[in-house]
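Peer 1: Coordinates for the following, if possible.
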Amino acid sequence: MGGLREVTPPFVVPGPTGVAIRTRLRVSSADASVLTEVGMFLGSLASRDLAARSRQGLSHDAASWAVRKRELTESSSARWAGSVTKATHDQWALTRRGHMAEMEWLRGQITRIEARLARPLGAKAEKRAGAVRGYATRSEWHAKSRRLRVLQNRLTALQTEWAAGRVQCRLSAGPGCVAQR
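Peer 2: This is a model prediction of the structure:
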C-alpha cells in the first residue's frame, strides 16, 4: 500500500485508422440541374443573410439572429435557415479577424517605411538593435513616401469600417461576398 507504483513498459499508440475517400458524385443530368438550382437558391439566401448581418454591424445579438433566421425560414426550412445564419455569422467573424490581421500588417509596414524615411539617404544601418538603413536614392525615397500615404489611407479606411462593425469582402473570400455593406 505505501510503496511506489510499478512503472509499465513504454508503448506506441497506433496511428489513425480512418479512411478518407474522395470521389465525385455520379448523378444524372436531371439531378445535376436540381443540385445546381438548390445551390443557387441557398447561395442567394446566404448572400441576402450576409447583407443583413453586415448591416447590423456591432449591434448584433441573439434576438437579431433569431429575426434573421425567421426571415429566412419564410423562404426555406428552419434547418436550412439555421445553417445559413450560422455560416454567414461565421463568415462575418472571419472577415473581422481578417480586417484585424490586415490592420496589424499595415501598421507594421507603415512603421517600417517611416523608420527608413526618417534616416538620411544612403545611411547605413547602425549596430544598435532596431536601427534601419536609409533609402538608397531620392527616387526610392519619393516612391516609398507615396507608398506610405497609400498604406495610411488604407489603414484609415479599415479602422473606420472596424469601428462601425462593417465588413467588406475583398478579393474572392467566398460566394457570400456579394453584400459589401
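Peer 1: low-scoring stretches of the protein, by residue?
Peer 2: Of all residues in the chain, those with pLDDT under 70 make up the ranges 1-2, 129-130, 169-181.
Peer 1: Let's see that with 50 instead.
Peer 2: 171-181 (pLDDT under 50).
Peer 1: Can you show me the helices along the chain?
Peer 2: For the chain, applying DSSP state H gives helices covering 29-56, 62-73, 78-118, 138-164.
Peer 1: What residues sit buried inside the shortest one?
Peer 2: When neighbours are counted by 16 or more other C-beta atoms under 10 Å, the buried residues of helix 62-73 are found to be 65, 68, 69, 72, 73. Backbone N, C-alpha and C define where each C-beta goes, glycine included.
Peer 1: ok, these vs residue 36, which is closest?
Peer 2: The closest of those to residue 36 turns out to be residue 72 (C-beta to C-beta; 20.4 Å).
Peer 1: coming back round to it: of the helices of the chain, which is nearest residue 4?
Peer 2: Residue 4 lies closest to helix 78-118 among those, at 49.8 Å (C-beta to C-beta).
Peer 1: Could you export the helices of the chain as a markdown table, including distance to residue 16?
Peer 2: Formatted as a markdown table, the helices of the chain follow (distance: least, C-beta to C-beta, whole Å):
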| stretch | distance to residue 16 |
| --- | --- |
| helix 29-56 | 31 |
| helix 62-73 | 36 |
| helix 78-118 | 27 |
| helix 138-164 | 40 |
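Peer 1: which pair in the buried residues of helix 62-73 spans the largest distance?
Peer 2: Greatest spatial distance among the buried residues of helix 62-73 (C-beta to C-beta): 65 and 73, at 12.5 Å.
Peer 1: Any idea which of the helices of the chain gets closest to residue 17?
Peer 2: Taking C-beta to C-beta, helix 78-118 is the member of the helices of the chain nearest to residue 17, at 30.2 Å.
Peer 1: got the angle for that closest one vs helix 138-164?
Peer 2: 150 degrees (axes from the mean of the first three to the mean of the last three C-alpha atoms, to 10 degrees).
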